[in-house]
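>>> make a model of this:
(chains A, B, C and D)
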2 protein chains.
Amino acid sequence: MPAKPVPDIVVARLPLYLRALAAMRKSGKTFASSKEMAQWLGMSPAQIRKDLSYFGEFGKQGMGYAVDDLQARLRQILHLDREWPIVIIGAGRIGSAVAAYPGFADHGFRVCALFDNDPAKIGTCIAGLRVHDVRTLPEFVRAHGVRLAMLAVPAEAAQAVAELAVSAGISAILNYAPLNLALPDHVRVENIDPALHLQHMTYYLD
Amino acid sequence: MPAKPVPDIVVARLPLYLRALAAMRKSGKTFASSKEMAQWLGMSPAQIRKDLSYFGEFGKQGMGYAVDDLQARLRQILHLDREWPIVIIGAGRIGSAVAAYPGFADHGFRVCALFDNDPAKIGTCIAGLRVHDVRTLPEFVRAHGVRLAMLAVPAEAAQAVAELAVSAGISAILNYAPLNLALPDHVRVENIDPALHLQHMTYYLD
DNA sequence: CAGTGTGAAAGTCTTCACAGCT
DNA sequence: AGCTGTGAAGACTTTCACACTG
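Numbering: from 1, shown residues only, chains lettered A, B, ... in the order given. Sure, this is the predicted structure:
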């Protein structure tokens, strides 16, 4: 759809717009201007308009954007107009916490299984989900057409497990392990590391 | 120390360098070149050199950087040469998971208390930590000189609780609630939202 | 008019490429 | 030879400012 290539940084902001729109909707608004959304999100109106303009002309002059409409368009653009199955690899503390987090289901992601290599965990249930042997991961991923994985294993194991996942068909990984995964270019990786954020913030203290 | 103002984006990468150095050290190296670190981190050597040059000349020509030395310098720069007490606000699923995560202590952060407003939780222990009444937060923060907080309350409550924390002396917040906190400029806020990352990645699927 | 969409300007960040040190 | 530190170039991002529209 986009005539010109869309910068990744712009794509990264679209989910924020979706979040702002959800808030607008909850407060009963049917139209939202770039200014209102910008205020809610703590960013500039111009940036929102420019970002959206990469994908089309969604606004009405003098009115702003129709909330429902823009929400639907953004969902299409982000491929959120369907349900995405996800697997969680690693059933330790982080994996369990992530599995129990309801915020994914709310956004159209369905966590459908956990994987671990610890025999003591395999076969048990965590947050209502069965823990499978990680060796059965490829089979499971292929059978269910899973594309997304959240990786919550110890750093030492992460690279090998990630490669296993990718070879089975996983093409996007949300990585909680504190290292850089080296994977083929066609695989998207995003990292989450709270410790990194804390270390960043202490720079500004004192 | 820095003669020229350091871009925030550069500060954000320093913890990554610390992580690379820890890995180098574990594998017994005493010197690390920008090239080696860059490879480990998946970035360019030039960027590492430029980033470090904001803070001084730490490298030895022809050798690279002395691992231990650079590690110590970066720790100083990031104010990680001390222990930082942290409070966690919100003892629900996320707060509990974060409290149990050992990764903070490993990096010099000491989680020292949890706060909640649910009478059923107050007084109990989670991950070995007492859950306090959130109304006693200001008192606690002042008494212990806490500057850092992790915020893990429902979105509706987040802004009010954040203001309470800031008025008590908190000056940096790691926010897990899915909204933009509006706080005075002197307060640093960083956000963690896994759902946002997933929504970002699905753009590139199919 | 209020508010979009957008070129052009300004600002920021990354990479290049090379002098200079060990 | 090998690698740092760094101006200058290049790439990317944000902001400005205004023509245009319902």
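
>>> what about residue A:108, how many residues nearby?
By other CB atoms under 10 Å in any protein chain shown, the residues close to residue A:108 number 18. Just so you know, the C-beta spots here come from the backbone N, C-alpha and C atoms, and that holds for glycine as well.

>>> ugh, wrong one, I meant residue A:31
Residues near residue A:31, counting by other CB under 10 Å, number 16.

>>> try residue A:42
Counted by other CB under 10 Å, the residues lying close to residue A:42 total 13.

>>> residue A:204 contacts residue B:187, doesn't it?
No. Between residue A:204 and residue B:187 there is no contact under CB atoms under 8 Å: 9.6 Å.

>>> joint contacts of those two?
Among the neighbours of residue A:204, those also in contact with residue B:187 (CB atoms under 8 Å, 6 or more residues apart in numbering or on different chains) are residue B:172.

>>> buried ones in stretch A:154-163?
Across stretch A:154-163, burial judged by 16 or more other CB atoms under 10 Å in any protein chain shown covers A:158, A:159, A:161, A:162, A:163.

>>> any residue of that stretch up close to chain B?
No. Among the residues of stretch A:154-163, none lie within reach of chain B under CB under 8 Å from any CB of the partner chain; the closest is 8.9 Å away.

>>> do stretch A:15-24 as well
Yes. Stretch A:15-24 reaches chain B (CB under 8 Å from any CB) through A:15, A:16, A:18, A:19, A:23.

>>> which one of those residues is nearest DNA strand D?
Distance ranking of the residues of stretch A:15-24 next to chain B against DNA strand D, using CB to the nearest atom of the strand, places residue A:16 first at 11.5 Å.

>>> report the secondary structure state of the closest one.
helix (DSSP: H, G, I helix; E, B strand; the rest coil).

>>> my guess is it meets residue B:196, correct?
Yes. Applying CB under 8 Å, one finds residue A:16 in contact with residue B:196, separated by 7.2 Å.

>>> what's the burial count for residue A:185?
Other residues close to residue A:185 by other CB under 10 Å number 5.

>>> for the residue lying closest to residue A:105 once chain neighbours are set aside, what are its contacts?
Counting by CB to CB, 6 or more residues apart in numbering or on different chains, residue A:105 lies nearest to residue A:111, which is 7.4 Å off, once chain neighbours are set aside. Contact analysis of residue A:111 by CB under 8 Å, 6+ apart lists A:86, A:87, A:88, A:98, A:99, A:104, A:105, A:129.

>>> derive a PyMOL selection command for the buried subset of those residues.
The PyMOL selection below is limited to those of the contacts of residue A:111 classed as buried (16+ other CB under 10 Å):
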select buried, chain A and resi 86+87+88+98+99+104+129
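
>>> among the contacts of residue A:111, which are in strands?
A:86, A:87, A:88, A:129 (DSSP state E).

>>> the closest residue to the last one other than its chain neighbours sits in which helix or strand?
Okay, so that is residue A:129. Distance criterion CB to CB, 6+ apart; nearest residue to residue A:129, sequence neighbours excluded, is residue A:114 at 5.2 Å. Using DSSP states H and E, residue A:114 sits within strand A:109-116.

>>> the lowest-mean-pLDDT helix or strand in chain A near chain B anywhere?
Using mean pLDDT, DSSP states H and E, the weakest-scoring helix or strand in chain A turns out to be helix A:93-100, at a mean of 94. Yes. With CB under 8 Å from any CB as the criterion, chain B is reached by helix A:93-100 at A:93, A:94, A:96, A:97, A:98, A:100.
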